[in-house]
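J.: Please work out how this folds:
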Amino acid sequence: MSAPRVWLAVTPAEGARSVTLGPEESAHLVRSLRARQGDAVTLLDGRGLVAQGTLATADADGATVTLASVRRAERPRPAVTLAQGMPKGGVMDDLVRTACEAGAAAVIPLMTARCEVRLDPERAAARRARWTVQATEACKQSGNPWLTEVAPPTDVLPWLAALGPAREGELRLTGSLEPDAGPVGAVDLSGASAVTWLIGPEGDLTPEELAAARRAGFRPCSLGPTVLRAENAALACVVATFALAGRGR
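T.: Predicted coordinates for the structure are as follows:
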């Protein structure tokens, strides 16, 4: 059995020999996982740190871990951003978790014309906080050293209009059902340092939104002959990007 993974709210100082976990992580480790003094643990901070250590004090209010090794993981390349038309219900929670497990750098929740979810500023802030918790849990479950950043929910058309030209090394793609969409396997990622995928909600993006996406430099790309659910399309985009990026390695 692998060592349990725990979350560090504060990155330890360079050369630190021990760390004290926060109350929530301590209680989960000691009470829920029943970790005991001397047990091995893995620590993550969501900013690339991966530390191996041993539980020195099994204190549910502030467990202490003696550090044995600390390394800094490289960020996945290219950096993948999912600009996602928000699906209904709790699907967005699962989508964020899955995206983080797969290694996405960021998720941008979008309110679109066919999106059933409309959020006022207060609800948007609450949802974003919840999705960040989901991403944190996904890091711990999967061992991903880099926390997926969840942006504030925003309306799709103003977001597209404000993007400006693509940065050097940035590729913009739309998971699309349009007739002229090229196959995902034909995407050339050589030289790409960042890939932004725009994915519609249930019912897809409207013609107006698709046209705005093209004006913003997004190229329609087919994910296959069948229609995928939003959360499955998001996962397919991340996995396909990393597969294609490593194709020649």
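
J.: Can I get whichever strand or helix holds Val50 as CSV, trimmed to CA atoms?
T.: In the assignment (DSSP states H and E), Val50 maps to strand 49-57. What follows is strand 49-57, C-alpha atoms only, in CSV (Å, rounded to 0.1, in the frame of the first residue of the first chain):
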residue,chain,number,x,y,z
LEU,A,49,6.7,20.0,-4.1
VAL,A,50,6.7,16.2,-3.4
ALA,A,51,8.1,15.3,0.0
GLN,A,52,8.5,11.9,1.7
GLY,A,53,8.5,11.7,5.4
THR,A,54,7.6,9.8,8.6
LEU,A,55,4.8,10.6,11.0
ALA,A,56,6.6,11.8,14.1
THR,A,57,3.6,12.7,16.3
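
J.: Adjacent strands (with direction) for it?
T.: Paired neighbours of strand 49-57 in the sheet (DSSP bridges): strand 40-44 (antiparallel), strand 64-72 (antiparallel).

J.: Please identify the most buried of those.
T.: Stretch with highest mean neighbour count among these: strand 40-44 (a mean of 20; mean count of other CB atoms under 10 Å). The C-beta positions use only the backbone N, C-alpha and C, and glycine is treated the same way.

J.: hmm, who's touching that strand?
T.: Here strand 40-44 makes contact (CB atoms under 8 Å, 6 or more residues apart in numbering) with 2-8, 19, 29, 35, 49-55, 65, 67, 139-140, 143-145.

J.: Now do the biggest helix by length in the chain against strand 40-44, angle only.
T.: Looking across the chain with DSSP state H, the single longest helix is helix 121-142. For helix 121-142 against strand 40-44, the angle by axes from the mean of the first three to the mean of the last three CA atoms, to 10 degrees is 140 degrees.

J.: Numbering from 28 from now on, please.
T.: All set: I'll call the first residue 28, so the last point we hit is now helix 148-169.

J.: Point out where this protein drops to low pLDDT.
T.: 28, 274-276 (pLDDT under 70).

J.: re earlier: buried ones among the contacts of strand 67-71?
T.: Neighbour-count burial (16 or more other CB atoms under 10 Å) applied to the contacts of strand 67-71 gives 31-35, 46, 56, 62, 76-78, 80-82, 92, 94, 166-167, 171-172.
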